[in-house]
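# Next input, structure requested:
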Amino acid sequence: MTRISHIDTTAFTRRGEAWSEVTELAPSSYRVRLGGAFRGAWLAHLGGHLAARQISIDHIHARCESGDIWIAELHLLSIGDATDPLGIDYAALAQAESSSRAAFELTSYRLLDSRDYGGSLMLTLEAPDSLGLLGALLRSLSELGLFPVELHIETKDGRAYDSLWLAAEGRTPPSTALRAAALAVLERSLGVSA
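Here you go, the predicted model:
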């Protein structure tokens, strides 16, 4: 008879209207549910802070429900001497600036105009998985004035397969100039070593 053991360690944190719940799924594997009012480059900040703590984002589904109200589920992997993911205040990290300025490398991408969210850019990409990839990508896009309103991030066999819907400040449709600036950033990332 095979015995199955299950780890059920959960921590809940509330910061004003924002909240997070982290559950240990297996050794070094965690699920984080996160919700609340988050603005601007919050996912870039969170990704940068997690990378600095040696925590890798394995996959995410996040969506802005209305205004700045987000609901997200992240699956995280702790690497080596990582900070204990159960002791992190994820809402605080999402609201705190990150100084992470890592480069990122893409294998391929597509940037398409989309009618979703009243007009957005849909970015799909493939990249070698690396610690801090999502934070670096989102920081570069946020510096242009592009922010995700929904994203699906998936890592499989050492590769990142991501889909993001991007809007300008205030969830407005991106201008032609913003689209061109995003294309320039994405083109520079092809084959660049991180």
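# mind exporting the least confident helix or strand in the chain by mean pLDDT as PDB, just the C-alpha atoms?
Lowest on mean pLDDT, DSSP states H and E among the helices and strands of the chain sits strand 9-15, with a mean of 88. What follows is strand 9-15, C-alpha atoms only, in PDB (Å, rounded to 0.1, in the frame of the first residue of the first chain):
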ATOM      1  CA  THR A   9       0.400  24.600   6.100                       C
ATOM      2  CA  THR A  10      -1.400  27.900   5.400                       C
ATOM      3  CA  ALA A  11      -0.800  31.500   6.400                       C
ATOM      4  CA  PHE A  12      -3.200  34.400   5.800                       C
ATOM      5  CA  THR A  13      -2.400  38.100   5.800                       C
ATOM      6  CA  ARG A  14      -4.600  41.200   5.500                       C
ATOM      7  CA  ARG A  15      -3.300  44.700   4.800                       C
END
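# residues in contact with it?
For strand 9-15, contacts defined as CB atoms under 8 Å, 6 or more residues apart in numbering pick out 19-24, 36, 86-87, 89-92, 95. In short, each C-beta sits where N, CA and C put it, glycine included.
# Which pair of those residues spans the longest distance?
Greatest spacing in those, by CB to CB: Glu24 and Gln95 (23.9 Å).
# Grab the nearest non-local neighbour of Val58.
One correction, residue 58 is Asp, not Val. By the measure of CB to CB, 6 or more residues apart in numbering, the closest residue to Asp58 outside its immediate chain neighbours is His75, 4.5 Å from it.
# Check Ser28 too.
Distance criterion CB to CB, 6+ apart; nearest residue to Ser28, sequence neighbours excluded, is Ser78 at 4.8 Å.
# Okay, the one you found and Ile55: tell me how far apart.
5 Å (CB to CB, to the nearest Å).
# The strand or helix carrying Arg188: which residues count as buried?
Taking DSSP states H and E as the criterion, Arg188 maps to helix 176-189. Buried residues in helix 176-189, defined by neighbour count with 16 or more other CB atoms under 10 Å: Leu178, Arg179, Ala181, Ala182, Val185, Leu186, Ser189.
# what's the offset of that helix from the middle of its chain?
19 Å (CA atoms, centre = their mean, to the nearest Å).
# can you check stretch 131-146 too?
For stretch 131-146, the distance to the chain centre is 9 Å (CA atoms, centre = their mean).
# can I get the CA coordinates of that stretch in CSV?
What follows is stretch 131-146, C-alpha atoms only, in CSV (Å, rounded to 0.1, in the frame of the first residue of the first chain):
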residue,chain,number,x,y,z
LEU,A,131,14.6,33.8,-11.8
GLY,A,132,13.0,37.3,-12.1
LEU,A,133,11.9,36.9,-15.7
LEU,A,134,8.3,38.1,-15.1
GLY,A,135,9.4,41.0,-12.8
ALA,A,136,12.0,42.2,-15.4
LEU,A,137,9.5,42.0,-18.3
LEU,A,138,6.7,43.8,-16.4
ARG,A,139,9.1,46.5,-15.2
SER,A,140,10.3,47.2,-18.7
LEU,A,141,6.7,47.4,-19.9
SER,A,142,5.5,49.6,-17.0
GLU,A,143,8.3,52.1,-17.7
LEU,A,144,6.7,52.6,-21.1
GLY,A,145,3.3,53.0,-19.5
LEU,A,146,1.9,49.6,-20.2
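# Lovely, talk soon.
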